[in-house]
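# Everything below, folded, please.
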Amino acid sequence: MVVLGIVFLTFASIVTMGVGIGKMASRGEQAISQRLSRLNDGLTANIRQVELNKPLSERLFLPLLRRIASQTAKNLPAERRQRLQKALQRAGNPGNMGPAEFLAIKAVLTVVLPFITGAVTINSGWEWRSFTGVGLAMLVGWYGPDLYLKTGTAKRQAIISKSLPDVLDLLTVSIEAGLGFDAALSKVVEKDSGPLALEFRRALQEVMVGKPRREALRDVAQRIDVEEFYTFINAVVQADQLGLGIVNVLRNQSDQIRVRRRQRIEEQAMKAPVKMLFPLVFFIFPAIFIILLGPALIQIMEVMQNK
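Numbering: from 1, shown residues only. Just a heads-up that it's a prediction; the model follows:
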């Protein structure tokens, strides 16, 4: 009897402990589930609030533009894609757009601008001008992004051409101080924040992941598409292949670029009189003639009337 009592008590204790552990586990699971549900509700609310705080363009127009771009990318030939990609790279990739996104923007502007122009002209009672306005808006919508891209490219290339001699001087000083070429490029990236420094930063990142330095620099030259930079890259690559002193190469390149810039400025100055001839003849000279001969003509007319 004693043994049976001990067995029964042991069994009851085990069952009680199991039930207690089960209840504790269930309570822990409930607490964890409740906590997770609160976190999920808070996270969902935060995501919803973040989405609502975004501007309307990002919540509505950007997804629509991406959908149009995805459809455009399917029908875009590879040759045209490469050509647009190079044009966007020369302009500095405005808005981090790809060729498909750029064509999507052109398509949207070509449709939206004529619609707005037609609605405004018709509501204003200019029915006879609406066709002309719609046609001009369509041309602006299709060719406007191309003009913007060309303008951005020309501006960026002008900034690079202007800053290139100073960058070469900084490279020369850094290498003379004992730094290697890659370290000198890092110093340029650290001291400058222009488009040329951004291109050098990208080249250094490509070199760090295993790309040869020559290919990285040549890719920079292709993305920039500036004649002076092509000459500089070719000189650096040849000096690296032949084992020449790169300091003298950089100094000579800097001097040559400054001479070319001076010659270009002198050429533009010599073209200035020819460019000024048209406004002088058609705008300035008539005003001068009116001021000088106007009073005399008035007096002559009065004399003729008195006679």
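# Quick one: the strands in the stretch 101-250 of the chain, in order.
Ranges of strands in the stretch 101-250 of the chain, per DSSP state E, counting those that start in this stretch: none exist.
# just for it, where's the confidence low?
122-130 (pLDDT under 70).
# residue ranges for the helices of it, please.
127-176, 181-191, 195-208, 213-224, 227-242, 246-279 (DSSP state H, counting those that start in this stretch).
# Tell me the confidence at the residue most central in space within the chain?
Closest residue to the average C-alpha location of the chain: Pro94 at 2.1 Å, with CA atoms, centre = their mean. At Pro94, the model reports a pLDDT of 80.
# Now it. Nearest residue, chain neighbours left out?
Using CB to CB, 6 or more residues apart in numbering and skipping the chain neighbours, the partner closest in space to Pro94 is Gly152 (6.0 Å). C-beta: built from backbone N, CA, C; applies to glycine.
# I'd guessed Leu84 sits against Glu101; true?
No: in this structure, Leu84 is not within contact of Glu101 by CB atoms under 8 Å, at 9.9 Å.
# May I see the helices of the stretch 101-250 of the chain organised as CSV, with mean neighbour count added?
Below are the helices of the stretch 101-250 of the chain laid out as CSV (neighbours: other CB atoms under 10 Å):
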stretch, mean neighbour count
helix 127-176, 16
helix 181-191, 17
helix 195-208, 17
helix 213-224, 18
helix 227-242, 16
helix 246-279, 13
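# Format those as JSON lines; extra columns: distance to Glu79.
JSON lines is the format used below for these (distance: least, CB to CB, whole Å):
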{"stretch": "helix 127-176", "distance to Glu79": "17"}
{"stretch": "helix 181-191", "distance to Glu79": "33"}
{"stretch": "helix 195-208", "distance to Glu79": "25"}
{"stretch": "helix 213-224", "distance to Glu79": "16"}
{"stretch": "helix 227-242", "distance to Glu79": "23"}
{"stretch": "helix 246-279", "distance to Glu79": "33"}
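# for the ones you listed, which one sits closest to Glu302?
The closest of the helices of the stretch 101-250 of the chain to Glu302 is helix 246-279. By CB to CB, the value is 33.5 Å.
# what residues are up against the residue nearest to the centre of the chain?
Leu88, Tyr148, Leu149, Gly152 (CB atoms under 8 Å, 6 or more residues apart in numbering).
# do that again at 10 Å, thanks
Each residue near Pro94 by CB atoms under 10 Å, 6 or more residues apart in numbering is listed here: Leu88, Phe102, Pro145, Tyr148, Leu149, Gly152, Thr153, Arg156.
# which one of the residues you listed is nearest Asp225?
Asp225 lies nearest to Thr153 out of these, by CB to CB, at 8.0 Å.
# For Ile224, see how far away that closest one is.
Counting by CB to CB, to the nearest Å, the separation of Thr153 from Ile224 is 10 Å.
# Reformat the contacts of Pro94 into CSV and put distance to Gly210 next to each item.
Formatted as CSV, the contacts of Pro94 follow (distance: CB to CB, whole Å):
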residue, distance to Gly210
Leu88, 25
Phe102, 30
Pro145, 36
Tyr148, 36
Leu149, 32
Gly152, 32
Thr153, 30
Arg156, 28
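# so which of these comes closest to Thr110?
Thr110 lies nearest to Pro145 out of those, by CB to CB, at 9.6 Å.
# Skipping adjacent residues, who's closest to the closest one in space?
Lys106 (5.1 Å).
# Break the chain down into its structural domains.
The record's domain parsing of the chain by automatic domain parsing lists 58-157, 162-263.
# wait, which of those is closest to Ile284?
Of all the domains of the chain, domain 58-157 comes closest under CB to CB, at 28.5 Å.
# neighbouring contacts of stretch 154-163?
Residues from elsewhere that reach stretch 154-163 (CB under 10 Å, 6+ apart): 90-92, 94, 167, 192, 194-197, 199, 224-229, 257, 260-261, 264.
# let's go with 6 Å and repeat that
The contact list for stretch 154-163, computed with CB atoms under 6 Å, 6 or more residues apart in numbering, reads Gly92, Gly194, Pro195, Leu196, Ile224, Val226, Glu228.
# May I see those residues arranged in TSV, with distance to Pro279 as well?
Output for these, formatted as TSV (distance: CB to CB, whole Å):
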residue	distance to Pro279
Gly92	33
Gly194	34
Pro195	33
Leu196	36
Ile224	35
Val226	31
Glu228	32
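# So Ala235 versus Ala221, what's the distance?
11 Å.
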